[in-house]
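S.K.: I'd like to go over a predicted model; first the sequence, then the structure.
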Amino acid sequence: MSSDRSHRFNLSRWAIENAAITRYLMIALMVLGIGAYFQLGQDEDPPFTFRAMVVRTFWPGATALQVADQVTNKIERTLQEVPNIDKIRSFSHPGESMIIFFVKDSTHSRDIPQLFYTVRKKVADSKSYLPIGINGPYFDDDFGDTYGVIYAMSAKGYSPAEVRDFTTYVRQKLLQVKDVGKVNVYGLQEEQVYIELSRKKMAQYSLTPATVAQQLNQQNAIEAGGNLETQSFSMPIRVGGPFENVADIKAMPLRSPSGASIRLGEIAEVRRAVIDPAQSKVRFQGEELVALGISMARGGDIVQLGKTLEEATKLIEKDLPAGVTLSLIQDQPKVVAGSVREFLMTLVEALIIVLIVSLLALGLHRHPWRIDPRPGLVVAISIPLVMSVTFLVMHLAGVGLHKISLGSLIIALGLLVDDAIIVVEMMVRKLEEGYDRVKAVTAAYQLTAMPMLTGTLITAVGFLPIGIAKSAVGEYTFAIFAVTAAALIISWFVSVLFVPYLGFLLLKKPEKTHQEGQEQEHFDTPFYQKFKAIVAWCVDYPKKTIMATIASFVLGIIGMSQVQQQFFPDSSRPEILVDIFLTEGASFEATEQASKKIEAKILEQKGVQSVTTWIGNGAPRFFLPLDIIFPRSNAAQAVIIAEPKERDRLNKELPRLLEDAAPEARLRVKLLPNGPPVTYPVEFRVTGDDPVKLRQEADRFLGVMRSSSLVYGVTDNWNQNQAVAKIEVDPAKARELGVPPQVIAQTLSSHFGGVVVGQYREGDLLAPIVLRLPRSERDQVSDLNETMLATVSGQAIPLARIAKVKVIWEPATLWRENREYAITVQADVKPGIQGPTATEALMKEFQPLIKELPPGYKVNIGGSVEE
């Protein structure tokens, strides 16, 4: 009985019989959906957890190989004990180790903070195994934060101290804006106090960096002087002496070992200046300035944040002095607002197209020729109704509007009208056959509801692999499955509940009808007759039909294998990136000069709206899939915002236009990618245990790639060796004169790099006081030989007396993958070629080389295929 009763239940008939409830539900869901739409958070990318943590350690004076063996390797060994580890990628520079710890993609985002805490704890516990003299390790678990809004602050004519004060004020005000999570400052030139003392003066007064530091700290110390206790009060005792300005440092008397006293300013140049050489700079439209990157708080609305920031910055600018301005150089809210507008336009276009097609397909009659708009109108009304309910479900599920969910809604637009069209068409046909409206609705549900539900679920399941994928790509694209499946299922409910009710109200019974249940020839066109004949043939010859179906399927598979595959296309954003790399060991000044020349050439080009140049590192992560360039003195990155119509032309022409602007630099012009960050679309990692042998093997693979017609810009991530001035000390002479290697290194470091001999305090400024040689005495290799060293007897001797200076070449960067040395040979793909296609072709060419690799050496695929 229950089964028969369930079978007799008709949802469409129930909607008509309970018209008041149906109207209430339809209007309530429409209103709630429209309200939910305006409550949905808007962002460029879906919420995404970067399962990566950076561990940085510094060991001044060590070579890249020493850092790799003594620091990187030991920390990597500790990290292998952390659960859910995916891989460990690291690179070692002279004096610096950087390790990127990756967590398995299958790890739930809520478990990531605990894993990162475990990393901190285990690495901190193992610090006793690291060499003496290291700084760190330092941890960065905010590696994936996106700074979608970046302002440039220009302050021409103001001192570095004033610029610092302006920056502090602006940052403080921006942090008070609703939905602002973080504000990072870039390009701010911090100050130091430099004491530049020549060799001649130091030798004349028998001064060493140690004696100068000792006397400066004694003079500048802040020490408690106790309290003066009386019967009625307690009075703290303050001892004067700390430096209040640079003039006080200049006036400080120095006492030499011989007893002579001389003011510091009389024998040295003392000045307050920005750090030289600089570590990083930001330039916008050819002007050096400070940038402030803003990261939105989790769950915020980027479009609303953009409007709030626009109002806030207008108020902030009013409080800043004349000449200090704020300019927007990265505007993610504008990009997201454009995407939403594009979706709304697509929705309107879909409504118009559906209405027109429905009018022609459902409302066109031939006897006599006429168009009945009512069937098309019913279908058209169902679209905003389905979308409204979908917005409501998205709001309840916490899914916002971003490029993935908007793309899913656009996909769904082409599918969600199918069920409504089927129901309306069936109702029209039944009315023309003589059924009354209630029976037409009932028959439409009985004939179409279950087949439609089956088709809807099968279509939704087609997106299931994306939904259940345990990977970074799966997390990033989860909304494709969630939103599309929700919209399709909602469209079925709307089609069997609300569309029949709308049809009952709007559709009319034709004046001339056949008797109820009598078949009428509606499709008496030549096309239908031919189509009917084909269907009849398929029914009469089932074996041939099945064979033809199988053959078509096989041909489809064969054809698909010939189609190039690429999961994520390039972004449609207007930015063009120009990566700038000089040879390893290039100075910051050389990188800056090359960047200026490239920047000037770019600004000459038609279609360029703005250029922001980041020197000493790449741009911050203003776009989630951006591949970050880590801090390096020989690296820079120009971010071009082009006019949308000119972007592709500029991307194609810039490599040729820029090749002569700075011949000393290696340039790479590229568009912003989509999907998980990859450095190059085509990458192969050659791994082994001997860096020298590995270099030789990798060069063979580089040769094959350079001869390929599929790729260009072939390079590797170890780059060139770096020139190093090596001091070869004569041990016998050094011991005889009492000059150990440690004293030599410390003296050279203080003379050429500078040594901190104190601190200068002013308000909240805490600036190092650095002692070094004048520029003229530290810019040539020959200056090394003239360095004066203090012996145990108190005499000063030149370095050349106990050592020789040689220029040698040593590795500047050593990359490792899962504790093995790894050289990544990499390249861009030529126009019309996809990364996976080139990777597959090159892997076939590599097979003879792979077979010849020594035991323990192997090649793994990276790039877009791996991700």
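M.R.: Structure's in. What do you need?
S.K.: Report the rounded mean pLDDT for the one helix or strand residue 768 maps to.
M.R.: In the assignment (DSSP states H and E), residue 768 maps to strand 765-772. Mean pLDDT, computed over strand 765-772, is 86.
S.K.: and it, what other elements does it pack with?
M.R.: strand 191-197, helix 209-220, strand 755-762 (3 or more Cβ pairs under 8 Å, 6 or more residues apart in numbering; DSSP states H and E). Glycine gets a C-beta too; all of them are placed from N, C-alpha and C.
S.K.: tell me which residues in the last one are buried?
M.R.: Buried residues in strand 755-762, defined by neighbour count with 16 or more other Cβ atoms under 10 Å: 755, 757-760.
S.K.: follow-up on the earlier one: among the helices and strands packed on strand 765-772, which comes closest to residue 447?
M.R.: strand 191-197 (81.3 Å; Cβ to Cβ).
S.K.: First-to-last residue distance for stretch 91-108?
M.R.: End-to-end span of stretch 91-108 (Cα to Cα, to the nearest Å): 28 Å.
S.K.: what's the offset of that stretch from the middle of its chain?
M.R.: 16 Å (Cα atoms, centre = their mean, to the nearest Å).
S.K.: cool, and stretch 680-691?
M.R.: 23 Å.
S.K.: where do the strands sit along the stretch 1-150 of the chain?
M.R.: In the stretch 1-150 of the chain, the strands defined using DSSP state E, counting those that start in this stretch lie at 52-58, 85-93, 96-103, 135-140, 149-155.
S.K.: And the contacts of the shortest one?
M.R.: Outside strand 135-140, the residues that touch it by Cβ atoms under 8 Å, 6 or more residues apart in numbering are 53-60, 75, 116, 119-120, 123-124, 127.
S.K.: again with stretch 198-209
M.R.: 197, 254, 256-258, 260, 262, 267-268, 746-747, 750-751, 755, 757, 771, 773-774, 777, 786-788, 790, 794, 796.
S.K.: The biggest helix by length in the chain: which residues count as buried?
M.R.: Longest helix in the chain, counting residues (DSSP state H): helix 332-362. For helix 332-362, the neighbour count (16+ other Cβ under 10 Å) marks 332-333, 335-337, 339-340, 343, 347, 350-351, 354-355, 358-359, 362 as buried.
S.K.: What of stretch 476-490?
M.R.: Neighbour-count burial for stretch 476-490 [16+ other Cβ under 10 Å]: 476-490.
S.K.: what do you get for stretch 677-685?
M.R.: For stretch 677-685, by 16+ other Cβ under 10 Å, it's 677-678, 680-685.
S.K.: now do stretch 97-115
M.R.: Buried residues in stretch 97-115 (16+ other Cβ under 10 Å): 97-103, 105, 107, 112, 115.
S.K.: how far does that stretch stretch from start to finish?
M.R.: First residue to last in stretch 97-115 (Cα to Cα) measures 21 Å.
S.K.: next one: stretch 39-49
M.R.: Stretch 39-49: ends 23 Å apart by Cα to Cα.
S.K.: quick one: average confidence on it?
M.R.: 80.
S.K.: same thing with stretch 573-586?
M.R.: 90.
S.K.: which intervals of the protein have sub-threshold pLDDT?
M.R.: Within the chain, the set of residues satisfying pLDDT under 70 comprises 1-8, 223, 240-241, 363-370, 510-525, 564-569, 794, 867.
S.K.: got the residue ranges for the helices in the stretch 1-150 of the chain?
M.R.: 2-8, 11-17, 19-39, 64-67, 73-79, 112-125 (DSSP state H, counting those that start in this stretch).
S.K.: again but with the stretch 601-750 of the chain, I slipped
M.R.: Per DSSP H, counting those that start in this stretch, the stretch 601-750 of the chain carries helices over the ranges 647-658, 691-706, 731-737, 741-748.
S.K.: Out of those helices, which gets nearest to residue 509?
M.R.: Of those, the one closest to residue 509 (Cβ to Cβ) turns out to be helix 647-658, at 56.3 Å.
S.K.: Alpha carbons only: can I get that closest one in PDB?
M.R.: Output of helix 647-658 as PDB, limited to C-alpha atoms (Å, rounded to 0.1, in the frame of the first residue of the first chain):
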ATOM      1  CA  ARG A 647      47.900  43.100 -23.200                       C
ATOM      2  CA  ASP A 648      48.400  40.200 -25.600                       C
ATOM      3  CA  ARG A 649      50.200  42.400 -28.100                       C
ATOM      4  CA  LEU A 650      52.600  43.700 -25.400                       C
ATOM      5  CA  ASN A 651      53.200  40.200 -24.000                       C
ATOM      6  CA  LYS A 652      54.200  39.100 -27.500                       C
ATOM      7  CA  GLU A 653      56.400  42.100 -28.400                       C
ATOM      8  CA  LEU A 654      58.100  43.000 -25.100                       C
ATOM      9  CA  PRO A 655      60.800  40.300 -25.200                       C
ATOM     10  CA  ARG A 656      62.000  41.700 -28.500                       C
ATOM     11  CA  LEU A 657      61.700  45.300 -27.400                       C
ATOM     12  CA  LEU A 658      63.500  44.800 -24.100                       C
END
